[in-house]
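[1] Quick one: sequence plus predicted model below, questions after.
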Amino acid sequence: MKRLRLKAVIAVLLFVSSPLAMAAETMDLLKVYEAAKRQDPVIEAARRAAAAGSEAAVQGRALLLPSVNATADYSYSYLESRYSPSNPFIPNISETFDSYSYGINVSQALFDKTRYASYQQGLVNAAQADTSLQLAEQELILRVAEGYFSVLSAQASVEVAESQKKAFAESLERANLTFKIGTATITDKLEAQARYDLARADEIAAANTLEVARQSLRSIIGEQPGELLPLREDAALPPLQPRDMDTWVQRALDHNVELRLAEQGVELSRQEIAKARGSRYPTVNLVANAARQVQYSPFADADNEINRVSVAVQLNMPLYTGGLNSSRVRQAVSARDEAAQKQEQTRRQISLQAQQRYLEALNGLQRVEALTQALASSESALEATRKGLEVGVRTNLDLLNAQQQFYSTKRDLAVAKYNYLLSLLQLKAASGMLAEQDLLQMSHLLGR
């Protein structure tokens, strides 16, 4: 008995510490975002890429700083000298001796246009890596918001489908009862049965959509999402400010991250031209060497020491490279023109995207307002149809139609609200102004 109790306790502890039990924790939009920042592989890869790209600035600066190298060597020698025929006055010599040397070399570029252009490229590469990380962070916010709102939209659809099925079940029961007592036709019964069956099918489809949405969100945050806080019923949706499409387009042209990446790409190609043209110029380097060599002399039977110190300014002037430098300049100019065209294409796409995102947000807000009014009208119509059925001026089919219209409108309104919130974030992303603060503001709209 004690062993069974111990096993039961262990089982309970394992369940409580399992991811399934932890998934029961209620999560809001910020908690989901924090989990994604910690565990999403896409943003982690972007961080690593940014860290690697930032080293380009260090490497470019290193080209302008002195280069210092130390050298050392050691050698062992064997010397043998024999005379033939043998001469008694000059003995044969057989000696072993060693020598060693060490020194230091310093080189500093005084004038080198290619190195300076490479340094400028390193700065742009580092800035581009930082910009790419900003783009990845904005995309993470959008992916989290889209995943979160997709779950809530699917969840709202499930709740509406369950309510609709329950209402149709009551109508089916009423139709069966009235058919038995002879106050309804077989058509009324079959119509109620068909609506109930369709409601069951809708519920199954909504549940499947919800599970897919939850698994999609799980792939972003790396864990099973818990219960997500929905939009409060009394929450006032944030307005679309300013209501001027040209203002949003101009913001996008000034701050869009993708457009900034394209501009940095053009700057990189300009520096590549400068580097290619710089290869035609002379280079001037300051070179200093200091060395000490110690070598044993068998003839003098003593160590011979040599100390050398030299300082020189070296000039290297390219005279003819077989057309290589000119070819590289033409190649760099063509690459610059290509990057400029891509920048213009990106600029047009960003402008169009900002217009589309603005219209989507505006239409989304107007749709929410229209569906809010439609829901109130549908609810009033449903109540009137119920009363009409009670007094005999309405049929069961009229009630079914009113119920379907009401629940469809309720589902569409819930989905429209989440779509509008997502469209606001997408509009801010297109204008280059999306930040974590936007998620914080939307989190204030969530709750029970």
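    Yep, that arrived.

[2] for Pro282, phi and psi?
    Main-chain dihedrals, Pro282, degrees, to the nearest 10: phi -70, psi 160.

[3] For this structure, give me the ranges with low pLDDT.
    Counting by pLDDT under 70, the chain contains low-confidence ranges at 1-24, 79, 81-95, 183-184, 296-303.

[4] elements contacting the helix or strand that contains Leu261?
    Taking DSSP states H and E as the criterion, Leu261 maps to helix 257-278. The elements that helix 257-278 packs onto, with contact taken as 3 or more CB pairs under 8 Å, 6 or more residues apart in numbering; DSSP states H and E, are helix 113-180, helix 324-391. The C-beta positions use only the backbone N, C-alpha and C, and glycine is treated the same way.

[5] what angle separates the last one from helix 257-278?
    Okay, so that is helix 324-391. Following axes from the mean of the first three to the mean of the last three CA atoms, to 10 degrees, one obtains 180 degrees for the angle between helix 324-391 and helix 257-278.

[6] Now do helix 324-391 against helix 113-180, angle only.
    Angle of helix 324-391 versus helix 113-180, following the same axes, to 10 degrees, is 20 degrees.

[7] Please report the number of neighbouring residues for the closest residue to Val257 other than its chain neighbours.
    Leaving out its chain neighbours, the residue that sits closest to Val257 by CB to CB, 6 or more residues apart in numbering is Leu135, at 4.4 Å. Using other CB atoms under 10 Å, Leu135 has 18 neighbouring residues.

[8] Tell me who's in contact with Leu427.
    Contacts for Leu427 (CB atoms under 8 Å, 6 or more residues apart in numbering) come out as Trp248, Ala354, Arg357, Tyr358, Glu360, Ala361.

[9] follow-up on the earlier one: tell me which of the helices and strands packed on helix 257-278 is the most buried.
    helix 113-180 (a mean of 20; mean count of other CB atoms under 10 Å).

[10] Report all helices and strands that that helix contacts.
    For helix 113-180, the elements it packs on are helix 29-39, helix 41-62, helix 186-221, helix 257-278, helix 396-430, helix 436-443, judged by 3+ CB pairs under 8 Å, 6+ apart.

[11] quick one, which of those helices is nearest to Glu338?
    Proximity of the helices and strands packed on helix 113-180 to Glu338 was assessed by CB to CB; the nearest stretch is helix 257-278, lying at 7.7 Å.

[12] How is this structure divided into domains?
    Residue ranges for the structural domains of the chain, counted by automatic domain parsing, are given in the record as 26-65+112-280+324-443, 67-110+283-316.

[13] For Leu177, give its distance to Leu397.
    Taking CB to CB, to the nearest Å as the measure, Leu177 falls 16 Å from Leu397.

[14] related to what we said a few turns ago, could you dump the helices and strands packed on helix 257-278 into JSON lines with distance to Val311 added?
    Output for the helices and strands packed on helix 257-278, formatted as JSON lines (distance: least, CB to CB, whole Å):
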{"stretch": "helix 113-180", "distance to Val311": "21"}
{"stretch": "helix 324-391", "distance to Val311": "30"}
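
[15] Which one, of these, ends up nearest to Gln437?
    Each of the helices and strands packed on helix 257-278 was scored for nearness to Gln437 using CB to CB, and the closest is helix 113-180 (10.3 Å).

[16] Compute the inter-axis angle for the closest one and helix 186-221.
    160 degrees.

[17] mind checking the longest strand of the protein?
    The strand that spans the most residues within the chain, counting by DSSP state E, is strand 93-111.

[18] What residues of it count as buried?
    Applying a neighbour-count criterion of 16 or more other CB atoms under 10 Å, the buried positions in strand 93-111 are Ser99, Ser101, Gly103, Ala109.

[19] who does the helix or strand containing Asp73 touch, helix- and strand-wise?
    The secondary structure element spanning Asp73 is strand 67-81 (assigned by DSSP H and E). Judged by 3+ CB pairs under 8 Å, 6+ apart, strand 67-81 is in contact with strand 93-111.

[20] Residues contacting the strand it packs on, please?
    Residues outside strand 93-111 that contact it (CB under 8 Å, 6+ apart) are 63-81, 115, 281-298, 308, 313.

[21] Now do it: distance to the chain's middle.
    Counting by CA atoms, centre = their mean, to the nearest Å, strand 93-111 is centred 53 Å from the centre of its parent chain.

[22] and that strand with strand 67-81, angle?
    For strand 93-111 against strand 67-81, the angle between stretch directions is 160 degrees (the same axes, to 10 degrees).

[23] Neighbouring strands - and their directions - for strand 93-111?
    Strands that pair with strand 93-111, judged by DSSP bridges, come out as strand 67-81 (antiparallel), strand 283-297 (antiparallel).

[24] how about that strand as PDB, C-alpha atoms only?
    As requested, the backbone C-alpha atoms of strand 93-111 are provided in PDB (Å, rounded to 0.1, in the frame of the first residue of the first chain):
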ATOM      1  CA  ILE A  93      88.600  20.400 -39.700                       C
ATOM      2  CA  SER A  94      85.400  18.900 -38.300                       C
ATOM      3  CA  GLU A  95      83.200  21.300 -36.400                       C
ATOM      4  CA  THR A  96      79.700  21.700 -35.200                       C
ATOM      5  CA  PHE A  97      78.100  25.000 -34.400                       C
ATOM      6  CA  ASP A  98      74.700  26.600 -34.100                       C
ATOM      7  CA  SER A  99      73.300  30.100 -34.600                       C
ATOM      8  CA  TYR A 100      70.100  31.900 -33.700                       C
ATOM      9  CA  SER A 101      68.400  35.200 -34.500                       C
ATOM     10  CA  TYR A 102      65.300  37.100 -33.400                       C
ATOM     11  CA  GLY A 103      63.700  40.400 -34.400                       C
ATOM     12  CA  ILE A 104      60.600  42.500 -34.700                       C
ATOM     13  CA  ASN A 105      59.000  44.000 -37.800                       C
ATOM     14  CA  VAL A 106      56.500  46.900 -37.800                       C
ATOM     15  CA  SER A 107      54.600  48.100 -40.800                       C
ATOM     16  CA  GLN A 108      52.200  51.100 -41.000                       C
ATOM     17  CA  ALA A 109      50.200  52.100 -44.100                       C
ATOM     18  CA  LEU A 110      50.700  55.800 -44.700                       C
ATOM     19  CA  PHE A 111      48.700  56.100 -47.900                       C
END
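
[25] wait, what's in contact with Lys37?
    Applying CB under 8 Å, 6+ apart to Lys37 gives the contacts Ile43, Leu140.

[26] which residue is nearest the middle of this protein?
    In the chain, the C-alpha closest to the average C-alpha coordinate belongs to Ala136, at a distance of 2.6 Å (CA atoms, centre = their mean).
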